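>>> Provided below are the primary sequence and the corresponding predicted coordinates.
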There are 2 protein chains.
Amino acid sequence: MTEKAIQDFYADDIAICYGCGRHNSHGLHIKSYWDGREAVCHFKPQAHHTAFPGVVYGGLIASVIDCHSLATAHAAAYQAEGRELGTEPEMTFVTGTLKVTYLHATPIDAELSLRAAIKELHEKKIVITCSVFADGKQTAQGEVTAIRAPRDMRLLSKA
Amino acid sequence: MTEKAIQDFYADDIAICYGCGRHNSHGLHIKSYWDGREAVCHFKPQAHHTAFPGVVYGGLIASVIDCHSLATAHAAAYQAEGRELGTEPEMTFVTGTLKVTYLHATPIDAELSLRAAIKELHEKKIVITCSVFADGKQTAQGEVTAIRAPRDMRLLSKA
């Protein structure tokens, strides 16, 4: 298991994601850890992240799946090239598709555990599956397609 | 077009969703308006809702699609029964599946416009499609399955 989170290797200028950027002071600070085969994430929702009384809102679950899955893609892509995280040239990914199936209500007072693994790994596209658990019970299942992106992310906003 | 937002008809005790609950003081306060055929939503991301510089993070887009699509299902379900919004017995829905395809980067300085319509309407399940536009260009496409839920949402957290 990596000691540092995968997100801690993202370059400073792009580490501003609301979901997982260490430089976003308003954000969720989602952290993912890679063991060479899968990535794990623990996340505690805040009291205001409700859908209905006692239940986490779906958008938060989608957000945690998204950032955790992209971190998993990041770690797997470096591993596939035999490179250490944080080495140059940096690889970057964006979300192509995000699918979440909500299996059960997710209790808001539980810490969430997410486990993500690689389903397909291609040079430009990685497919990740991600399971969400609360109190030991799976409450959601995600599948994310990560797309390799240009290093200069500013190009994206003009695409 | 409804003058009040669809979410303004949700009962007080469940109007606490982080995405669209009028009683969630930390939330996004997403509002959807129904014209009898489709629902529209305008939403302005905040500066900290970034993915990368200048770009909205995917989890926010997923959240807005989720709440707007469920509101659309709510309005369509009342219409299908020939009932006015806000009349008893209240119908409630939860998200079964959420799928988002990110077509282009969504600029963070634009107001988002969402248009959602009904693809399938059954008694217990409604499928909604939802398109997201920024500066007149479509940047994301969503599809959501809404599931009819028991009125006492507290039952969900014990399911």
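That came through fine. Since the model is a prediction, treat every value here as computed from it, not as a measurement.
>>> which residues touch the residue lying closest to A:A5 once chain neighbours are set aside?
Distances taken as C-beta to C-beta, 6 or more residues apart in numbering or on different chains place A:K31 nearest to A:A5, at 3.8 Å, with adjacent residues excluded. For every residue, glycine as well, the C-beta is placed using N, CA and C. Counting by C-beta atoms under 8 Å, 6 or more residues apart in numbering or on different chains, A:K31 touches A:5-8, A:20, A:41-42.
>>> Kindly report the same for A:L121.
A:76-77, A:80, A:127 are the contacts of A:L121 under C-beta under 8 Å, 6+ apart.
>>> how about a cut-off of 10 Å?
Residues in contact with A:L121 (C-beta atoms under 10 Å, 6 or more residues apart in numbering or on different chains) are A:73, A:76-77, A:79-80, A:127-128, A:146.
>>> Pick the one among those closest to chain B.
A:A146 (10.7 Å; C-beta to the nearest C-beta).
>>> secondary structure class for the nearest residue to A:G19 once chain neighbours are set aside?
Nearest non-adjacent residue to A:G19, counting by C-beta to C-beta, 6+ apart: A:C67, 3.7 Å away. Secondary structure, DSSP: H, G, I helix; E, B strand; the rest coil: A:C67 is helix.
>>> I'd like to know how many residues surround A:C67.
32 (other C-beta atoms under 10 Å in any protein chain shown).
>>> Roughly how far does it sit from A:I6?
Distance, A:C67 to A:I6, using C-beta to C-beta, to the nearest Å: 10 Å.
>>> Also A:I30?
With C-beta to C-beta as the criterion, A:I30 and A:I6 are 10 Å apart.
>>> list the residues that contact both of the two?
Counting by C-beta under 10 Å, 6+ apart, the contacts common to A:I30 and A:I6 are A:20, A:41, A:67-68, A:70-71.
>>> Could you tell me the end-to-end distance of stretch A:129-147?
15 Å (C-alpha to C-alpha, to the nearest Å).
>>> Report whether it contacts chain B.
Yes. For stretch A:129-147, a contact with chain B is found by C-beta under 10 Å from any C-beta of the partner chain, at A:139-145, A:147.
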